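1. Test case, fold it:
(chains A and B)
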Amino acid sequence: MAEARALNQPGLLWQNRKGFLSAHTVDITGGLLFLLLAIFIVWPVITVLVKGVFGPEGFTLEFFREFFTAYYYQSFLNTLLLGVLTTSVCITAGFCIAYMTTRGPRFLRIPLKGITLLPLIAPPYIFALSLIMLLGRSGFITKAFNLGWDIFGFPGCVIAQTLAFLPLAYLIIENTLSSLDPSLEDSAANLGASEGKILRSVTIPLLTPSFLKAILIVYVMAVAEFGNVAILCGRTPFLAPDIYTIVTGVEHDFNMAGVLSMFLVLPCVIIFMIQDYLIRGKGYVTVSGKPISAEPRHMTPHILIPMIVISFIACGLILLSFGVVGVGAFTKLVGIDNTFTLSHILDWRANEALINSLKVSLLAGLFGALLGVLIAYVVIRGKFRGRSALEGLYLAGFTLPGTVLGLGYLFAFNNPPLLLTGTMIILVINCLFRFAAVGMEAGITKLQQLSIEVEEASLNLGASTVTTFRRIVLPIIFPAAMYGFMYVFMTTMVSLSAVVFLTSPGSPLASVFIFQWAQYGYIGLASATVVKLVVIVGICLAIIQYMSKWTGLSITRRG
Amino acid sequence: MGDERKSMLVLDDIHKSFGEVQALRGVSTDVKEGELVTFLGPSGCGKTTLLRVISGLTKSDSGKIVLEGRVINDVTPDKRNVQLCFQSYALFPHLTVAGNIRYGLEVHKWKKERIKERVEELLHLVHLDGLGNRRIDELSGGQQQRVAVARALALEPKVLLLDELFSNLDANLRVQMRTTLHEIQRRVNITTIFVTHDQVEAMTISDRLIVMNQGIIEQVGAPIEIYEKPNNEFIASFIGYVNILKGEVKSTGKDTEPATVSTELGDLEILSSEKDIKAGREVYLIIRPETVYIGSLEEAIEVNKFKGTIKSIMYAGSTVKYVVDIEGRDLFIDQYDPTTLGIRSMGDKVVVTIPRNVHILKE
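-> Residues are numbered from 1 along each chain as shown, chains lettered A, B, ... in the order given. Predicted structure coming up:
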C-alpha cells in the first residue's frame, strides 16, 4: 500500500500544471480538514476526558479515587469481561460459519451466509428486544416453562452482542478463508494429515491475522456497545450504560462520566497497540488473492458436527430473533396480552421519529460522503506532512466508543460560539464525523487505482486538466462517494450510543425512540419501530448491493 | 510399444462431471513402473481433474483406479501413496523450507532423527542444500518448485503427480527446471505423471505422451509418434505448427510407388504407409513447416514443386518463418539456419518443395 501511495504522490496534474485544484489548494484543504478534525473529534473527546481530572477546584485525582470504590470498578471489570466473553463466542461462531460457507456442503453455503449477514440491516439492539420477549421476566419461554430465571445480566448481553457482531466477525474471517488457496489444505491431506490436523497446522495458523483483526474489532465494539447492554444489563453494572445513567439520571455527575469514559477508551487504545505490535512484529503470513469457490471438503464427524451445531444455533437464534420481533410488533403486550393488534405499527409517534432519523441520516450521509472523499483526495494527492496522520485520526474517530463521542458533543457544544446542543445539526455533525472514515477508505482505495500514469496519459492525449478531472478522476471517485453516503446513511439510521445524549426530548430519532420505549417496557411499540427501520434499511442495502455490482465496490470488502 | 515393465497405475474408464460439465468422459490408460508419462492437452481438457482423481482429492463418478494391482477408488488421499504437486506449489507459507518437507513425515510420526536425515537427503536431491531454514517467500520460483517436489517425494510415494509444474516460471528457468526434474525422476526412478498444455515441454521430458481433449484421450504414444503421425487434425495442430492440405486421392501407388493426391496447390506425389487409401477418397495431408524447402525460381518445376510469392517473414533467430502464397493458398514454411542460408525478401518469387513423406490423417 505504501508503494502504491508513493507512486501517486508527485502528481503531474497537480505539480506542473495549473490544475483544477492546485497543490496549494490541496494543502489548504488539508489544513481545513485538520481544523475540522480538531473541532469535531479531538476537542469533544478531550472535553470528556478532562472532566475526569478537573473538578470545581482545578486538577484533582479525587474522581479516580472514587472510581475505584467497589461499584464503578466492578462496572469496569464487568465491561472487560463482557468484551472477552462476547469476543470468544462471536469469533468461534464466526469461524465455524465461515468454514461451513467456504468448505462445507454447497447447499448450506448460501443460506448460512444470508442468515449470518441478516443482522447488518437491523439495529443491533433488535436482539435485546427479542431476548426480553423470549426470556425476560414475562417472556414466552420464561412463562411457558415457568422458569424462575431471566436473561438479564451477562447471559443476555453476551448472546445479544454475539448475534449483533456476528456479521462483522464472519465477514473478516470469511474474507480470508475464501481467498485461502484450497490446494494448501488438499496438499496437507495428500501428505496424510487428518482434517483436525489440517485445521490446527495449516488453516488456523494462516488465519491468525484475520483472527486478530476480528478479535480487535469485536472486542472494541463489545466494550463500547450501548443499546443491548443498557436494555439487558439488569442489575449488573457496565460502563456504557453507567455513563448514560450518571449523565442523564439524578446524579448528573459529569466528572465521574469523564473518568468512566477514560476507562472505556483505554481498553480500545491498548488492544489497538497490541494488535499493531503483533501484526508488525511477527511478520505473519498474510493471505491475499482472489476468492476461490473451494470444493466441499470431506469433513470427519468430529469436526463437522460441532461446526454444524454451532452454525445452526447462531443462525437459528438470528432467525428466531427477527421472527419474535416481527410477532412482537403485532402483539398487544407480549407475554401478558398476546392478542393481535395493528396499533403499534400505526403509532404516529414512531413515524415522526423515523422521519427525523431519515432527515438526519440523509444529511449526515450527504456531508459524510463529501467529507470522506475530500479526505481521501487530500491524503492521496496532498504533499504536506501529516497526511497519514489525517487518515489515522479520522479512522480513530470511527473506532471511538459512541458513548464517549456523544458525551463529548454534549459537553463541547453547549456554549457559544458553538451552541449546538438540542439541534438537529449536532446529530448530523456527530454522525458524519463518526462514520465518514468508511467513505474515506473507499475513496483512498479508488484513488490508488488511479495511478499517475493514467492522468499523464489523459494529458498526453491532449485533454485539459479540467477534462482530466471530469472524465478520469470523477468517475473513479464517484462510486466511493456513493458508497460512503450509503454507509453513513445506514449506520446513522440505527446508531444509538452517541445520539442518545444528543436528541432533544421533543424530536427523538427512531433508534432513541425504540430504546426509550423498550426501557419503559413498551416492547410492542419498540418492535414495530424496529420492523419499520429494518424495512427502510433493507431497501437501502438492496440499493448498495445493486451499486456494488455496478461499481465493483463490495460492502464485504470493508472488514 | 512392447514395454516389459509391470503396470504401476491402471485407469479404467474414468468418468467425472461437475454439474453439467463433463470433465472426464471415460479415460483409460496404463502407466508402467518408473515411467514418465505426460497428459497433454489444452486448458479445460480434464487433465488436472484426472490428477485430482488419481490422488483421491476428487472422487470419480465411475471407473476403476488400480495401483499395483489393487483398486484404490475408496482409499482416502492420505493413504494412497500417491503424491500430487500442485500448479501453485501449495507450499505452506507459514512454515520454513524444512518445515514444508518435514510436514508429511511428522504427520506419519517418523522418528526425529530419521526426519532430520530424510530432510537433508531431499534438500540435497533437489539442490537446495543449506536452505532448510529459509522462509518460503525468500525463495525464487524455481527453488519453491523444487521444495514442492521434495515435499512430495518425502514419503516415497509410488506415483508422483505433477500439475503444470513449470507454468509459473519464465522461459529460461523452465528449460533448466525440465532438465533438473528429468534428472531427479531418473535418479529416484519414480513413476511420474506430468500434466501440461505446453507441447514442447511434454515432448522433451516424457517417455510417453497421452494427448487429451474434452475429457477423453485422443492419442497415446512416444513423442515422435505423436508428432509425426497424429491421429487427427486436433492433435496435428495442437502439437506444433502445421499445414493441413485437403485433397482427393487420384491414384494409389503400387508397392513402393508414390500415390498422387490432387490438392489446392496442385497434384502431390506422396509415399504413405497407409495402405488403405483408395482412389477418389478425400484425405487431409499433414505438412510440417520445417519439412518444406524454399528454393530459387531457377529451379526446374517438377513433381511436388510449386511457384509462390513470399507474403510474410518472421525472423526468430535459429529459424525464419515464412508464409508463402501459392495460388492464393498460404503455406507456412520454417527455414533453419538463416545465418548460412540468408533471408529472402518480401514479394520474392520462390519455388517451394513439398516432401514425399507426408502424413495422411486417417479420419
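2. Kindly report the residues of the stretch 151-300 of chain A close to chain B.
-> Neighbours of chain B within the stretch 151-300 of chain A, by Cβ under 8 Å from any Cβ of the partner chain: A:181, A:183-184, A:186-194, A:197, A:201-202, A:205-206, A:284-285, A:287, A:295, A:298. For the C-beta atoms, the positions are set from N, CA and C on the backbone; glycine is no exception.
3. Which among the residues you listed count as buried?
-> A:181, A:183-184, A:186-194, A:197, A:201-202, A:205-206, A:284-285, A:287 (16 or more other Cβ atoms under 10 Å in any protein chain shown).
4. For the closest residue to A:Leu393 other than its chain neighbours, pull up the helix or strand it's in.
-> For A:Leu393, ignoring the flanking residues on the chain, the nearest one in space by Cβ to Cβ, 6 or more residues apart in numbering or on different chains is A:Leu37 at 5.5 Å. According to DSSP states H and E, A:Leu37 maps onto helix A:23-37.
5. which residues touch the helix or strand following that helix?
-> Next in sequence after helix A:23-37, counting helices and strands by DSSP H and E, comes helix A:43-51. By Cβ atoms under 8 Å, 6 or more residues apart in numbering or on different chains, the list of residues contacting helix A:43-51 from outside reads A:254-255, A:257-259, A:261-262, A:265, A:400, A:404-405, A:407-409, A:411-413.
6. and stretch B:114-132 with chain A, contact?
-> No - counting by Cβ under 8 Å from any Cβ, chain A has no neighbours in stretch B:114-132; the shortest distance is 13.1 Å.
7. Contact distance from chain A - what residues of chain B qualify?
-> B:55-58, B:76-79, B:82-84, B:86-88, B:90, B:92-94, B:103-104, B:107-108, B:137, B:151, B:154-155.
8. Make a PyMOL selection of the buried ones in those.
-> Applying 16+ other Cβ under 10 Å to these leaves a buried subset, and the PyMOL line that selects it is:
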select buried, chain B and resi 55+56+57+58+77+78+82+83+84+86+87+88+90+92+93+94+103+104+107+151+154+155
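9. Who's the closest spatial neighbour of the residue in the stretch 251-363 of chain B positioned nearest to chain A, skipping the chain neighbours?
-> The stretch 251-363 of chain B approaches chain A most closely through B:Met314 (30.5 Å), counting by Cβ to the nearest Cβ. Using Cβ to Cβ, 6+ apart and skipping the chain neighbours, the partner closest in space to B:Met314 is B:Lys321 (4.3 Å).
10. Also A:Ala189?
-> B:Pro77 (5.2 Å).
11. go on, A:Gly227?
-> In space, and not counting its chain neighbours, A:Gly227 is closest to A:Tyr125: 3.4 Å by Cβ to Cβ, 6+ apart.
12. What's the separation between B:Ile216 and B:Tyr227?
-> As judged by Cβ to Cβ, to the nearest Å, B:Ile216 and B:Tyr227 stand 20 Å apart.
13. neighbour count winner among those two?
-> B:Tyr227 (20 against 16; other Cβ atoms under 10 Å in any protein chain shown).
14. surely the more buried one meets B:Val242?
-> No - between B:Tyr227 and B:Val242 there is no contact under Cβ atoms under 8 Å: 10.0 Å.
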